[in-house]
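K.L.:
need a structure here:
(chains A and B)
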Amino acid sequence: MTWSGKLRAGLLLAGLIVLFGLVGPLLTGDPATIRDVGLTPPGDGHLLGTTITGQDVLAQLAHATRGSLWIGLLVGVMATVLSGVFGIVGAYAGGAVDEAFSLFSNVMLVIPGLPLVIVVAGFVPADQRGTWTISLVLAITGWAAAARVLRAQTLSLRNRDYVAAARVSGEKTWRVICVEILPNLLPILASQFVFAVVLAILSEAGLSFLGLGAADSSTLGTMLYYAQNGFALQREAWWWFVPPGLVIALFGGALSLVNFSIDEIINPALRERVRRGRDVVATTPVVAPADEDVVLTVSDLNVVYQGATPVHAVKDVSLTLRRGEILGLAGESGCGKTTLAYAVNRLHRPPAEVTSGSVVFDGVDVLALGPEELRRFRWVRLSMVFQGAMNSLNPVTPISAQLQDVLRTHRPSMTATDRAARCAEVLRLVGVDRARLGSYPHELSGGMRQRVMIAMALLLEPQVMIMDEPTTALDVLVQREILNEIKRLRDELRFAVVFITHDLPLLLELSDRIAVMREGEVVEYATAEEMYLRPRHPYTRQLLASFPSLTGERGALIR
Amino acid sequence: MGYHLRKVAFYLAALWAAVTLNFVIPRLLPGNPVDILMAKLQQRGGSVDPAARQAYETLLGTGGRESFAQEYLAYLGNLLRGDLGVSVSAFPAKVSDVIGDSLPWTIVLVGLATLISFVLGVGLGALVGWKRGTWLDALVPATTMLSAVPYFWLALILVALLSSGLGWFPLNGGYDVVLDPGWNPEFLGSALYHGILPALTIVLSSVGGWLLGMRNMMVSAMSEDYVLTARAKGLTGSRVMIRYAARNAVLPSVAGFAISLGFVVSGSIVTEQVFSYPGIGSKLLQAVQNNDYALMQGIFLVITIAVLGANLVVDLLYGLIDARTRDRSTVS
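P.N.:
Purely as a prediction, here's the structure:
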């Protein structure tokens, strides 16, 4: 079901129950009328049968639903207001107010709610326990979780540019909160309100079932209390006991559906529909390798993102990579260069599909590999260094564990000492102190993390390394160091590199050959020297011209 | 301040708040609990001398004879000595003894049920998220629906179907009453047998929350770069799922343990009542029905301390599984 489908189904079901609570009591007559037809099963006259004293269950159910919904609404509104005050206002005010409010919310959160409600209800004499008292107590014990969520969200909102702009321009605090912040919190407020209503109805049912509910109300909980004390289940009068619980469950279920769809509105990652199709739809038969010196051949590769409007991200791309060569892949963002790189290692995710073409790696037809063969192929023969090296490391384990993982999986016979030695060895190759092995990613600088990623890519001495914008996020000096490192390692270890970047001048200096990509196609493919001296395609010339030279003249490329 | 110290300080503050709440509630609410208690005590044949009255007044309020501060200090003093007063519903037993007898039952039942529910929910949630787009997706609405069902209603339906109907499980109680409580196999077996249905109720009702939260986090984690890296590294599917995706996705579930534990404890009180389980939840209700205010307060305090303690343990464990928390200097 899509999110809008869930929202519709949930709202419809919840709406029907609300309607039943609103209109039902008007149509069903007095629920308290006692007749001498005790425990009649459902049938003519009494659609849902009667209670032990002959009261009509349907009439009781309608009144009880109204009572429960009313309490749910009261508590929902009060709890949402409380959580708004403590969550939003606290976070917006910041400083000591925020500290105090947040401490208070957290304390209220860890004190268990229902025991507190029971104690309070126990102290208040039954005749003074009204609907408002019970609602107020439930609201006071039920707002804290929502306040915490709202606070986190407000904290991130108040630092956004448009909020800062409004504050700087001298808008009043209440106006900033109401106009700039509240609208953005609406989905979360709605979801917390829905949650508070469900929780209140459930808690009230529990309280009433225990005989501690409001004295002046009739709710689904009191109905269950009477059903239980009338031994409804022991007398097999399921029609008396089951419906009230079912109404609660259905209402709760309906509102959860609403909450699911709100979740999906807030977090688009949950929304997208997943088709678990094959990553390779069709391939072209592989022709025998022409040249012993070639390690990777991509021929006529096509990758399509299958969606409502399919996007042809890689079109008929053919490339060859020789042993020890650095192949540059240049193009603006969105030109398909990353998709191409992922497809070579079959890392592209649905809805992306390889629709035709072939990838041959040193005689192996990569697109024909089974899942287990593919797994054994990865990293052993072809390793990768990703765009966001900052996020490519698992934040919760030390880097030694992430390096060791590779050896454990691909070199199961290696001893622990050998593994540790190898990890230290690759770190030395990229110039990172072996003492860093025990560090967590957040303890390393950006440049150091990138070096660790390169070290990881070197672990199994692969024939090819694909580097996807490995230096883009780094400052110029660190970038320079790392590029020199890559060149040195390539000379030392003789692996081939596919280097992806939007920075064509950088490639001119680094690569042996360069492919320029635009809108999924390779528009020019030549040696670096050729491309520098005689760029043929207008787009290549445009790319070269767009980088200023150090002397300030546009287009005169000197680095 | 270090992470651990900060956590301990927070829970001490929460404990203080709970203790104070316990002190304030009977004094702010209407009604005259001390008189009711004295009347009950007399019915039970207890001594109604001024000393007994004073003991209850320390707990529940003197009606203005002593200052608030004096009462508060006397109350704290009694708490520190472990003196929670005398229960009138279980007269002449002391409140602390009544609690001592019933607490182990609840801790074992609720503790085990919560653990099972957490492990099951998080495990299934990870799997549902990982295998997104398969039939497993149906588990999410199914278990969410179960958590919208009132605990006691589910418990009673289970009893009607599995105990009365099929006769698989006992109707109620914590053990076979012909046995003497003790560390012998018969008794333990009986206790285990009697605990299955209450535990099943708690697990069924609470598993949905864990499952949904874990599944959503798993979906988010799977689009993270470190999962892509792990796949590119050629690690086995189960290793990527557990060590990379689930290892990160579980953090919010652990951090949110406090919220969920509150729900479970609340639900289990009602569940105990349905099963007449000899735990602290049934005792709390027995106390409320008999206006046994001293027992009521004592139980509230003990439940709160238990919940705070469990949360403290989980929070300290959280520091172990996420190194970033330990290094963060700001108060979360």
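K.L.:
wait, what's in contact with residue A:386?
P.N.:
With contact set as Cβ atoms under 8 Å, 6 or more residues apart in numbering or on different chains, residue A:386 has these partners: A:392, A:453, A:468, A:470, B:225, B:228, B:229, B:232. Where C-beta positions appear, they are placed from N, C-alpha and C, glycine not excepted.
K.L.:
My guess is the fourth one contacts residue A:482. True?
P.N.:
Yes - in terms of Cβ atoms under 8 Å, residue A:470 counts as a neighbour of residue A:482; the distance is 7.0 Å.
K.L.:
how near is residue A:17 to residue B:148?
P.N.:
With distances defined as Cβ to Cβ, to the nearest Å, the gap from residue A:17 to residue B:148 amounts to 12 Å.
K.L.:
lowest-confidence helix or strand of the chain?
P.N.:
Just going to use chain A. Comparing every helix and strand of chain A by mean pLDDT, DSSP states H and E singles out helix A:389-392 as the least confident one, with a mean of 76.
K.L.:
Tabulate the CA atom coordinates of the following helix or strand past that helix in CSV.
P.N.:
Taking DSSP states H and E as the definition, the helix or strand that follows helix A:389-392 towards the C-terminus is helix A:399-410. Output in CSV follows, covering the C-alpha atoms of helix A:399-410 (Å, rounded to 0.1, in the frame of the first residue of the first chain):
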residue,chain,number,x,y,z
ILE,A,399,38.6,0.8,12.2
SER,A,400,40.6,-2.3,13.0
ALA,A,401,37.4,-4.3,13.0
GLN,A,402,36.4,-3.0,9.6
LEU,A,403,39.8,-3.8,8.2
GLN,A,404,39.8,-7.3,9.8
ASP,A,405,36.4,-8.0,8.4
VAL,A,406,37.8,-8.1,4.9
LEU,A,407,40.5,-10.5,5.8
ARG,A,408,38.3,-12.7,7.9
THR,A,409,35.9,-13.1,5.0
HIS,A,410,38.2,-13.5,2.1
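K.L.:
Now do the same for the closest residue to chain A within the stretch 51-200 of chain B: its pLDDT.
P.N.:
The nearest approach of the stretch 51-200 of chain B to chain A comes at residue B:148, 2.4 Å away (Cβ to the nearest Cβ). Looking at residue B:148, its pLDDT reads 83.
K.L.:
where's the nearest residue to it once chain neighbours are set aside, which helix or strand?
P.N.:
The spatial neighbour of residue B:148 that comes closest, neighbours along the chain excluded (Cβ to Cβ, 6 or more residues apart in numbering or on different chains), is residue A:252 at 2.4 Å. When secondary structure is defined by DSSP H and E, residue A:252 falls within helix A:238-266.
K.L.:
So what touches the helix or strand that that helix is followed by?
P.N.:
Beyond helix A:238-266 on the C-terminal side, the first helix or strand identified by DSSP H and E is strand A:294-305. The set of residues external to strand A:294-305 that reach it, using Cβ under 8 Å, 6+ apart, is A:284, A:287, A:289, A:310-323, A:336, A:339-340, A:343-344, A:348, A:351-362, A:382, A:463-464, A:496, A:498.
K.L.:
Can you list which of these are found in strands?
P.N.:
Using DSSP state E, the subset of the contacts of strand A:294-305 located in strands is A:311-322, A:352-361, A:382, A:464, A:496, A:498.
K.L.:
ok, then the element right after the helix or strand that contains residue A:64?
P.N.:
Element membership of residue A:64 [criterion: DSSP H and E] is helix A:57-83. Sequence-wise, the next helix or strand beyond helix A:57-83 is helix A:90-93, with elements assigned using DSSP H and E.
K.L.:
Can you list the buried residues in that following helix?
P.N.:
Of all the residues in helix A:90-93, those buried under the rule 16 or more other Cβ atoms under 10 Å in any protein chain shown are A:90, A:91, A:92.
K.L.:
Could you pull up the mean pLDDT of that helix?
P.N.:
Taken as a whole, helix A:90-93 has an average pLDDT of 82.
K.L.:
Figure out how far that helix is from the centre of its chain.
P.N.:
Going by Cα atoms, centre = their mean, to the nearest Å, the spacing between the C-alpha centre of helix A:90-93 and its chain's C-alpha centre is 26 Å.
K.L.:
what does the next helix or strand after that helix rub up against?
P.N.:
Sequence order places helix A:95-110 as the next helix or strand after helix A:90-93, per DSSP H and E. Under the contact criterion Cβ under 8 Å, 6+ apart, helix A:95-110 has outside partners A:86-87, A:89-91, A:141, A:143-145, A:147-148, A:151, B:10-11, B:13-14, B:17, B:258-259, B:262, B:307-308, B:311, B:331.
K.L.:
and the closest residue to residue B:186 other than its chain neighbours, helix, strand or coil?
P.N.:
Nearest residue to residue B:186, sequence neighbours excluded (Cβ to Cβ, 6+ apart): residue B:179, at 5.7 Å. Per DSSP: H, G, I helix; E, B strand; the rest coil, the secondary structure class of residue B:179 is coil.
K.L.:
what's the answer for residue A:432, then?
P.N.:
Under the three-state scheme (three-state DSSP), the conformation of residue A:432 reads as coil.
K.L.:
From what I see, it and residue A:454 are in contact.
P.N.:
No - here residue A:432 does not reach residue A:454: they are 9.5 Å apart, not a contact under Cβ under 8 Å.
K.L.:
Tell me which residue lies nearest the centroid of the chain.
P.N.:
Went with chain A since none was named. Among the residues of chain A, the one closest to the centroid is residue A:269, at 5.0 Å (Cα atoms, centre = their mean).
K.L.:
oops, I was thinking of chain B
P.N.:
By Cα atoms, centre = their mean, chain B has its centre lying nearest to residue B:265, at 3.0 Å.
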